[in-house]
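J.: could you look at this predicted model? Sequence included:
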Amino acid sequence: MRFRSIESREALKGYHPIVLDALMFASALATLVVYTWYTLSPDTVARFGTRYLVVTAVFVALGLVRYIRLVYSKADVGRPEKILLSDWPMWIILAGYGVSAVVVVLLRHVVIVSSVG
């Protein structure tokens, strides 16, 4: 993690930057896997009435990648809410997530039928 020590949290100073990088990437990957697993679980499918909620995982992945990029470029790791609220591409990703979730849930009864010639 490439950031200035004065901007980092005091607790992070005891860790090697390579270890922090590995932990950050492992956490992001675990978040994506668990979210995808959640969208495919039978309880979630029953609750929302659709198995296509998994398409929202694309926006979760984009958001995680964007956040990691921002952490490395802006180095403001002490204020994640500031990063999330001040970055317009992140707002587009969040809007895409929201729109895709609403569309998937509202269109849960629509069946796409393709005709084979």
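T.: Done, it's in. Numbering: from 1, shown residues only.
J.: residue ranges for the helices of the chain, please.
T.: 17-40, 42-48, 57-74, 80-86, 88-106 (DSSP state H).
J.: including mean pLDDT and distance to residue 10, could the ones you listed go into CSV?
T.: Any C-beta I mention is one placed from the backbone N, CA and C, and that applies to glycine too. Converted to CSV, the helices of the chain look like this (pLDDT from 0 to 100; distance: least, Cβ to Cβ, whole Å):
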stretch, mean pLDDT, distance to residue 10
helix 17-40, 94, 14
helix 42-48, 94, 39
helix 57-74, 90, 18
helix 80-86, 79, 16
helix 88-106, 94, 27
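J.: how about these in CSV, adding mean neighbour count?
T.: Shown next, in CSV, are the helices of the chain (neighbours: other Cβ atoms under 10 Å):
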stretch, mean neighbour count
helix 17-40, 13
helix 42-48, 12
helix 57-74, 16
helix 80-86, 12
helix 88-106, 14
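J.: which residues does the residue nearest the centre of the chain contact?
T.: Centroid-nearest residue in the chain, with Cα atoms, centre = their mean: residue 60, separated by 2.8 Å. By Cβ atoms under 8 Å, 6 or more residues apart in numbering, the residues touching residue 60 are 31-32, 35-36, 97.
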